[in-house]
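Q: curious how this folds, go ahead:
(2 chains)
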2 protein chains.
Amino acid sequence: MDTVPIIGGTGALGFGLALRLANAGVPVVIGSRDAGRAEEAAGRLREQLPDADARGLQNADAAREGPIVVLAVPFRNQSENLTNLKSVLEPGQILVDATVPLAAAVSGKATRLLGVPQGSAAEQAREMVPDGVTVVSALHTVSAHNLNDLSIELDEDIPVCGDTREEKRRVAELIARVPGLRPVNAGALEAARLVEGLTPLLIGVNARNKVHAGIRFTGLAEPRW
Amino acid sequence: MDTVPIIGGTGALGFGLALRLANAGVPVVIGSRDAGRAEEAAGRLREQLPDADARGLQNADAAREGPIVVLAVPFRNQSENLTNLKSVLEPGQILVDATVPLAAAVSGKATRLLGVPQGSAAEQAREMVPDGVTVVSALHTVSAHNLNDLSIELDEDIPVCGDTREEKRRVAELIARVPGLRPVNAGALEAARLVEGLTPLLIGVNARNKVHAGIRFTGLAEPRW
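A: Numbers count the residues shown, from 1 in each chain, chains lettered A, B, ... in the order given. Predicted structure coming up:
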């Protein structure tokens, strides 16, 4: 099985995703700006999952390790990370963007969304990746807290946006490997501006109710892909 | 029990809401630009529910009939309707805005959201109602199709946004009268811009899957109000 590099894999969302993917038998590489911190995080992952195939590398090195690269960084750092990946990503690779432009990026509230000139963080990513790299937007609504606690059973939908059916399907297949996550085709990449808005909404619901809510599309027995 | 006027009650969403509220024992007044069409719709409702307390009136007359007024009109007509209601709505009334600024309003796609200068249709409504009238935003995600078919069991969440707790609670209590609809406090009125985005997202999911999906917050056993 292909290795999944996770850029920003030492953060709460990135590490949680690495943990859940590794727990599902997917080889992962945790990327970080700092190679030492990346390897330390991979070590923590292997402590929890001794059989996991998990390594830590500097982001740019990590991004070379697999065809589907997950970008799980705060919006404040998204542009910088994409600039650093420009000379690394290669045609045919898929970048899974999980970035949400929360106003917290500019010392505002995490319950508010910034206006991004391109329309969404995902569309900013599309503008910045090298030719031939496809951006798919996903994994905005799953709680980092829940991902990081393997004793919690996940049970929610993951909206997936992208402009090409084949790449969306490949990302959906990867997400579906994690028990309890059900990918749902949420349309073209521009629909990411609608999906990214779910995160500040959920942050508000979570704060008011002291929960870690996700999203479920009701009345959708078997999503088509 | 207070009567609930529904402005635009001859449309699919408005009529479906009237039907479900009436079925829950709530007296309703269906509003329309045309008094004859309003009374005709009320007649259709009473055919399905002979015991219903349902009347039809011109929108301006309807809006005087109860303390909580539901606005269920296409975005194209929202501003016009609010102008017409300016001399009618009175301090203390609550306007429940269910408007979604779909690009379909300007011959665009129903899977796209327009940018509204005030931030959302709900915030446009807040700008336009008379002083002392409170706008609460709700009922964007429930399928008009499902509302209109009483044989379909509803089972979904209704995000409710508003700036004052008391008015939000009163709207939540009304929504909770409809079996299968669970109101969830989704924050201040400005969060309506996040919730309104759920509608074009759902319209896309529905078209791809031939369903009538709604939204559920997972992991939220008992929403706090």
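Q: avg pLDDT for the single longest helix found in chain A?
A: When chain A is parsed with DSSP state H, its longest helix is helix A:35-48. In this model, helix A:35-48 has a mean pLDDT of 98.
Q: convert the C-alpha atoms of whichever helix or strand comes after that helix to CSV, please.
A: Next helix or strand after helix A:35-48 toward the C-terminus (DSSP states H and E): strand A:54-58. Extracted in CSV, the C-alpha atoms of strand A:54-58 (Å, rounded to 0.1, in the frame of the first residue of the first chain):
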residue,chain,number,x,y,z
ALA,A,54,5.3,5.4,10.7
ARG,A,55,8.3,7.6,10.0
GLY,A,56,9.0,11.3,10.5
LEU,A,57,10.7,13.5,7.9
GLN,A,58,11.0,17.2,7.1
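Q: now do strand A:54-58 against helix A:35-48, angle only.
A: Orientation check (axes from the mean of the first three to the mean of the last three CA atoms, to 10 degrees): strand A:54-58 against helix A:35-48 gives 170 degrees.
Q: who does strand A:54-58 pair up with?
A: Sheet pairing for strand A:54-58, assigned by DSSP bridges, gives strand A:28-32 (parallel).
Q: what's the longest helix of chain A in contact with?
A: The contact list for helix A:35-48 (CB atoms under 8 Å, 6 or more residues apart in numbering or on different chains) reads A:9-10, A:15, A:18-19, A:22, A:28-32, A:52, A:54-58, A:61-62, A:150. All C-beta atoms are positioned from the backbone trio N, CA, C, and that covers glycine.
Q: and it, which residues are buried?
A: Applying a neighbour-count criterion of 16 or more other CB atoms under 10 Å in any protein chain shown, the buried positions in helix A:35-48 are A:38, A:39, A:41, A:42, A:44, A:45, A:46.
Q: show me which of those is closest to chain B.
A: Among the buried residues of helix A:35-48, residue A:45 lies closest to chain B (CB to the nearest CB), at 23.9 Å.
Q: spit out the contact partners of the residue positioned nearest the centre of chain A.
A: Against the mean C-alpha coordinate of chain A, by CA atoms, centre = their mean, the closest residue is residue A:98 at 3.7 Å. Taking CB under 8 Å, 6+ apart, we find residue A:98 in contact with A:13, A:17, A:70, A:71, A:72, A:137, A:138, A:139, A:140.
Q: close to chain B: what parts of chain A are there?
A: Taking CB under 8 Å from any CB of the partner chain as the test, the list of chain A residues beside chain B reads A:111-113, A:143, A:146, A:155-156, A:159, A:184-187, A:190-191, A:193-195, A:197-198, A:200-202, A:204-205, A:208-209, A:211-224.
Q: in helices only, show me these.
A: Among the residues of chain A next to chain B, DSSP H puts A:146, A:193, A:194, A:195, A:198, A:200, A:201, A:202, A:204, A:205, A:208, A:209 in helices.
Q: just the pLDDT at the first one, thanks.
A: According to the per-residue confidence, residue A:146 scores 98 in pLDDT.
Q: was I right about it contacting residue A:212?
A: Yes. In this structure, residue A:146 is within contact of residue A:212 by CB atoms under 8 Å, at 5.0 Å.
Q: so for these two, which residue has more residues nearby?
A: Counted by other CB atoms under 10 Å in any protein chain shown, residue A:146 and residue A:212 do not tie: residue A:146 has more neighbours, with 23 against 19.
Q: contact partners for that one?
A: Applying CB under 8 Å, 6+ apart to residue A:146 gives the contacts A:16, A:152, A:154, A:212, A:214, B:219.
Q: now list the buried members of those residues.
A: Counted by 16+ other CB under 10 Å, the contacts of residue A:146 give A:16, A:154, A:212, A:214, B:219 as buried.
Q: inside strands: which ones of those?
A: Members of those lying in strands (criterion: DSSP state E): residue A:214.
Q: same list, the buried ones among the contacts of residue A:146, but as JSON lines with pLDDT and distance to residue A:178 please.
A: Listed next are the buried ones among the contacts of residue A:146 as JSON lines, based on pLDDT from 0 to 100; distance: CB to CB, whole Å:
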{"residue": "A:16", "pLDDT": "98", "distance to residue A:178": "10"}
{"residue": "A:154", "pLDDT": "98", "distance to residue A:178": "7"}
{"residue": "A:212", "pLDDT": "98", "distance to residue A:178": "16"}
{"residue": "A:214", "pLDDT": "98", "distance to residue A:178": "12"}
{"residue": "B:219", "pLDDT": "96", "distance to residue A:178": "16"}
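Q: just how off-centre is the longest strand anywhere in chain A within its chain?
A: Across chain A, the strand with the greatest residue count (assigned by DSSP E) is strand A:156-162. Chain-centre distance of strand A:156-162: 11 Å, with CA atoms, centre = their mean, to the nearest Å.
Q: next secondary structure element downstream of that strand?
A: Following strand A:156-162 in sequence order, the next helix or strand is helix A:165-176 (DSSP H and E).
Q: now do that next one against strand A:156-162, angle only.
A: Going by the same axes, to 10 degrees, helix A:165-176 makes 160 degrees with strand A:156-162.
Q: buried stuff in helix A:165-176?
A: Going by neighbour count (16+ other CB under 10 Å), the buried part of helix A:165-176 is A:167, A:168, A:169, A:170, A:171, A:172, A:174, A:175.
Q: repeat for stretch A:92-112
A: A:93-105, A:110-112.
Q: between those, which sits nearest chain B?
A: residue A:111 (6.1 Å).
Q: my guess is that closest one contacts residue B:187, does it?
A: Yes. At 6.1 Å, residue A:111 counts as touching residue B:187 under the criterion of CB under 8 Å.
Q: anything in contact with each of the two?
A: Taking CB under 8 Å, 6+ apart as the contact rule, residue A:111 and residue B:187 both touch A:201, A:204.
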